[in-house]
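In: Got a sequence here, can you build the structure:
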Amino acid sequence: MKYRAYQIGILLLSMFIFSSKINADDLNTGISIASGHGDCSIIPIRVGLQRDFGHKLRPESTFPLGGYWEGSLYYMHGKAAKNPGSHKSLFAAAAAGVLRFEKREKTCLGWPYLDAGIGLSLLSRKEIGGKQLGINFQFEDRVGLGIRFGENRQYDLGYRLVHFSNASIAKHNSGINLHLLVFSYWF
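Out: Residues are numbered from 1 along each chain as shown. Alright, predicted model coming up:
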């Protein structure tokens, strides 16, 4: 039976949501939506679900190290290339671990942070807009920055640079770069 990336993504997100005991005292979950632009005039739309690691290294530091797990679904739409068989869109499902350096003390705007992470993704197609991705399996690398704000740090606005690549596992490895503006709500 052949599964599409979005079906596997829904399954992964469901497992992610119900993977641990839900307790309002120790659960820090976020939902996000993002869009932006990328290579080959790709316009991505992305939804994600985040779960905080729950622990911080160096908690007394100015920038303690924490992080979160994230499951996400993408829809990418771009221009089809002139070659036959070129696709204008694809779906992707991804799961990643993300490290976050977040300022412990509030600034005048909120709590600034830096993110870096790597994950695994499954794409519905091996090509979009003339970019030959080689295989459906891709790594999803990311770096970002942003600020959390609100009385309880519940709002999060940030920028992410996301790179999809198969790390030369396949013959073709054009990769895709995406620039995303991300808004998250944590509860």
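
In: Quick check: the residue nearest the centre of the chain vs A95, distance?
Out: With distances taken as Cα atoms, centre = their mean, the residue of the chain nearest its centroid is S72 (5.7 Å). Going from S72 to A95 by Cβ to Cβ, to the nearest Å gives 8 Å. Yep, even glycine has a C-beta here, placed from its N, CA and C like the rest.

In: Check L145 too.
Out: Look at L145 and A95: by Cβ to Cβ, they are 22 Å apart.

In: what about those two, which has more around it?
Out: Neighbour count, other Cβ atoms under 10 Å: between L145 and A95, A95 has more, with 18 against 13.

In: looking at this, the more buried one is in a strand?
Out: Yes - in this structure, A95 lies within a strand as judged by DSSP: H, G, I helix; E, B strand; the rest coil.

In: G71 is in contact with that one, correct?
Out: Yes - contact criterion Cβ atoms under 8 Å: A95 and G71 qualify, at 5.1 Å.

In: Give me the next element, helix or strand, following the worst-scoring helix or strand of the chain on mean pLDDT.
Out: Lowest by mean pLDDT, DSSP states H and E among the helices and strands of the chain is helix 5-17, with a mean of 55. Next along the chain after helix 5-17, taking DSSP states H and E as the criterion, comes strand 29-38.

In: Which strands and helices lie in contact with that following strand?
Out: Other elements packing on strand 29-38 under the criterion 3 or more Cβ pairs under 8 Å, 6 or more residues apart in numbering; DSSP states H and E are strand 43-52, strand 65-77, strand 155-165, strand 176-186.

In: Can you give me the buried ones in stretch 111-131?
Out: Buried positions in stretch 111-131, judged by neighbour count with 16 or more other Cβ atoms under 10 Å: 111-113, 115, 117, 119, 121-131.
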